[in-house]
Every structure is written in structure tokens, then in C-alpha cells.
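>>> need coordinates for the below:
(chains A and B)
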There are 2 protein chains.
Amino acid sequence: MERISIIEKLGLFSEAWSPRVIGECNGQHVKLARLDGEFVWHAHEHEDELFLVVEGEIEIQFRDRVVELREGELCIVPRGVEHRPVARRPASVLLFEPASTVNTGDADDARRIDPQRLGRV
Amino acid sequence: MERISIIEKLGLFSEAWSPRVIGECNGQHVKLARLDGEFVWHAHEHEDELFLVVEGEIEIQFRDRVVELREGELCIVPRGVEHRPVARRPASVLLFEPASTVNTGDADDARRIDPQRLGRV
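Below you'll find the predicted structure:
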């Protein structure tokens, strides 16, 4: 029951591809992440994932299409669907997803972070 | 798997206290709502509720405090906690809450909307 400022929270970390938890709601995590460049193709078997752009612009690449998102735009990626987030320039997103979600999904990638080790800001 | 623009969706309705569903994610609804004036004191027995201000500013009143939120700021109201959203001037919020959530919670109020009858935009 406190005010959470997205801009203030973004000021507390600078690493790309390292989501930080800013709140919890019905078993879901509310996270902020900085994106820079191309992430790995992956899917989340059991989790839908919401991306809301808060700074800059990103692409969410699917195998059959690309969704381009600017500030104030969101996309919900259904569970099981392969996708790859790409930021041509540094961008920031708010994520809503179950607390169990692994950032790299089913992919083998060095940027994998155990959800229990996610930082909080 | 489409681009959803908050501003475009807000342009599709004008009524205050009448949330519209813009997406679903892990059994949660993503909604937009316009607020204008004082809502009713209420609690949601089983649902946490996230308010993210996208236009203007609001207060979330609790029995022991007031949380003031401006654009880009959010507050998560835990289940069972009495609260009252107030907008001194018209404002808009993004809500994230289970699809079962009744807008007026446990309160008896004419602005109650059956969650199965919520509009979509």
C-alpha cells in the first residue's frame, strides 16, 4: 500500500536483460526490465507474459509476424508461443507475469535468471 | 499477439467508473478505467488490485492513509483492504486484477458492474 514510481524504480538499476520485481499481485510479479539489443528466441510453457513499453520502443518478434511497440503500448504473449524481444536502442518495459516465470523460458541462454534470484527495487 | 495502445483504447469510451477490458493474461484482466470524483469505499475479499495511473492523478484512500498517484505511478491494493479511489479531476488508470473482480467489491453501490458484463475495447 505504497506509491511505486516507475521512473524512480528504473533509476535504481541499469543492466539490460535483468528484470527487477517492483510488486506482487495475485501471484503475479510486476517487473521492470531494460532491453538493449536482441534477446533469445524462447517460449514460456505455462505463463502468459505482458509487455508494456514505458521508455523507448521495442519489437516483439514472433515466427510469423513482428509487433512493434512504443511507449504506452502493450502486447500479451500467450503461453507456448515462441517470441523474441528486440530493442534497436535501449528501452524499458513493465512486465506482468506469474512469479514462476523464467526470463529465458525454454531456451538455453547465459542471460537466464532463476526467478527466485530476481532482484527487487 | 497484437499491439494494444492505451491512448487509442481510452479514445473508445468516455464514461467514468466503467472499466473496459483490453486484454487477458493468466486469468487476470487488464482493464482501463476513467475516474472522476469519489468512488465508494469497498474491499475485494479474494483479489489484489493494481492501479497504474496513465492520465492525470488520483488518490487511493485507505482507512489509515492516503496514497497519491500521478501518471506513471502505481499502487497494489491487497485483498481484504478497504479502499476508495478518488479523482479530483478526470483521470485514467490501467487496472490489473483477476477476471472475477467486481468493481465495487463488497459495497452496495449503483455503479456495480457484473464482471461478466464488462465492456471490451
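>>> for residue A:69, grab the count of nearby residues.
Neighbourhood size, residue A:69 [other CB atoms under 10 Å in any protein chain shown]: 22. Using the backbone N, CA and C atoms, a C-beta is placed for each residue, glycine as well.
>>> what separates it from residue A:87, distance-wise?
Relative to residue A:87, residue A:69 is positioned 10 Å away (CB to CB, to the nearest Å).
>>> what's the overlap in contacts for the two?
Residues within reach of residue A:69 and of residue A:87 at once, by CB atoms under 8 Å, 6 or more residues apart in numbering or on different chains, are A:57, A:58, A:59.
>>> and the closest residue to residue A:57 other than its chain neighbours, how many neighbours?
Closest residue to residue A:57 in three dimensions, ignoring its sequence neighbours and counting by CB to CB, 6 or more residues apart in numbering or on different chains: residue A:70, at 4.5 Å. Neighbour count for residue A:70, taken as other CB under 10 Å: 13.
>>> might one say that residue A:70 is in contact with residue A:59?
No. Using CB atoms under 8 Å, residue A:70 is not in contact with residue A:59; the gap is 10.6 Å.
>>> quick check: residue A:78 vs residue B:26, distance?
Applying CB to CB, the value for residue A:78 to residue B:26 is 10 Å.
>>> what's the worst-scoring helix or strand of chain A on mean pLDDT packed up against?
Taking mean pLDDT, DSSP states H and E as the measure, strand A:119-120 is the helix or strand of chain A with the lowest mean score, a mean of 94. Packing contacts for strand A:119-120, counted by 3 or more CB pairs under 8 Å, 6 or more residues apart in numbering or on different chains; DSSP states H and E, involve strand A:20-25.
>>> how about the residue at minimal distance from the centre of chain A: what's its closest non-neighbour residue?
Centrality entry for chain A: nearest residue to the mean C-alpha point is residue A:95, 4.7 Å, by CA atoms, centre = their mean. Counting by CB to CB, 6+ apart, the nearest residue to residue A:95 once its immediate chain neighbours are dropped is residue A:31, at 4.3 Å.
>>> angle of the helix or strand hosting that neighbour against strand B:28-38?
In the assignment (DSSP states H and E), residue A:31 maps to strand A:28-38. Taking axes from the mean of the first three to the mean of the last three CA atoms, to 10 degrees, one finds strand A:28-38 and strand B:28-38 inclined to each other by 110 degrees.
>>> average pLDDT for the helix or strand following strand A:28-38, rounded please.
Stepping forward along the backbone from strand A:28-38, the first helix or strand reached (DSSP H and E) is strand A:49-55. Here strand A:49-55 scores 98 as its mean pLDDT.
>>> packing partners for strand A:49-55?
If contacts are counted by 3+ CB pairs under 8 Å, 6+ apart, strand A:49-55 sits against helix A:6-10, strand A:66-70, strand A:73-77, strand A:83-98, strand B:20-25.
>>> can you rerun that using 7 Å?
Judged by 3 or more CB pairs under 7 Å, 6 or more residues apart in numbering or on different chains; DSSP states H and E, strand A:49-55 is in contact with strand A:66-70, strand A:73-77, strand A:83-98.
>>> and the second one, which strands flank it?
What that stands for is strand A:73-77. With DSSP bridges as the test, strand A:73-77 is paired with strand A:49-55 (antiparallel), strand B:4-5 (antiparallel).
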